[in-house]
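Engineer: just coords:
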């Protein structure tokens, strides 16, 4: 009888120790693997623990009235890409109270980078000021200050500037508090409803897009040598994107003076290298557009410039037809 009672007590003590070990937050960096990202603040490990990521206050997923709401979905997708099924290191901040079974922890990526510091430096979130762990607070504050100074991400704003807000108001639309706000993010997806010209089209939500880095003559411009290939460029674009889904990628510029979204356009179909078809570059390479350098938007300048050199050297599209038209007029 005594042995039975003693064995029971030993089992109870061991179970108590196991539960205490599991429940206590780690005081040093410990490894874990992320099962899934729950929202912009919380992740769940494969062992079931839920972690509140410390150091940053990200754009909230469900608060459409938040000034940074347009960054919320891209932030969520980025976290999933960076963390799910990846190994991370976690360390609890004991200066903060525990929220039920949720552990407030600092998180490091597998390569040793502090997750919050990495995201703050790129303007993806605000710094979280509730933590008293001074060794991390200084790093987080410094990362946020860098993003502020360079005007990155949320510090540029959903619209990019007050001028943009004014343009949106003139258009009679406030994208920041509608589902269309996602179109102000760095990457978005839309379906084409109408093609207006060789580099301008309308999405099925009535937003207008002008393709970055390229110039197309208007088919309605009657000046000698200018209108050549305008109609052909519009027909070329229409054939490739009308009623199709396109990927829109932003550079620095957000919109032009007429309220058109300025974007690089990609098609889901793959090119010869197995990559998404970069339509801006393809149109220039085929001679249906002219590359126009920008002082601001430089993300794809080498690709676009090389596309134009190819079209010019091989006398493709407008580089052949318009030259012949101008020579015929002179004769």
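Structural biologist: Yep, that arrived. These figures come from a predicted structure and were not determined experimentally. Residues are numbered from 1 along each chain as shown.
Engineer: Just give me the residue right at the centre of this protein.
Structural biologist: The centroid of the chain falls nearest to residue 186 when counting by Cα atoms, centre = their mean (3.9 Å).
Engineer: Mind listing what's buried along the strand or helix carrying residue 304?
Structural biologist: Using DSSP states H and E, residue 304 falls within helix 301-313. For helix 301-313, the neighbour count (16 or more other Cβ atoms under 10 Å) marks 303, 304, 307, 308, 311, 312 as buried. Where C-beta positions appear, they are placed from N, C-alpha and C, glycine not excepted.
Engineer: So for the fifth one, what's the pLDDT?
Structural biologist: At residue 311 the predicted local distance difference test score is 86.
Engineer: if I pick it, what's in contact with it?
Structural biologist: Taking Cβ atoms under 8 Å, 6 or more residues apart in numbering as the contact definition, residue 311 lies against 284, 285, 286, 287, 317, 319.
Engineer: Got phi/psi on the first one?
Structural biologist: With angles defined as degrees, to the nearest 10, residue 284 shows backbone torsions of phi -70, psi -40.
Engineer: Roughly how far does the closest residue to residue 63 other than its chain neighbours sit from residue 185?
Structural biologist: Spatially, and ignoring its direct neighbours in sequence, residue 63 is nearest to residue 69 (6.3 Å; Cβ to Cβ, 6 or more residues apart in numbering). Noted for residue 69: a distance of 10 Å to residue 185, by Cβ to Cβ, to the nearest Å.
Engineer: thought residue 148 was touching residue 155?
Structural biologist: Yes. In terms of Cβ atoms under 8 Å, residue 148 counts as a neighbour of residue 155; the distance is 4.9 Å.
Engineer: shared neighbours, these two?
Structural biologist: Contact with both residue 148 and residue 155 is made by residues residue 123, according to Cβ under 8 Å, 6+ apart.
Engineer: what residue ranges in the stretch 101-250 of the chain are flagged as low confidence?
Structural biologist: Scanning the stretch 101-250 of the chain with the threshold set as pLDDT under 70 gives 129-135, 159-183, 217-227.
Engineer: Alright, I will stop here.
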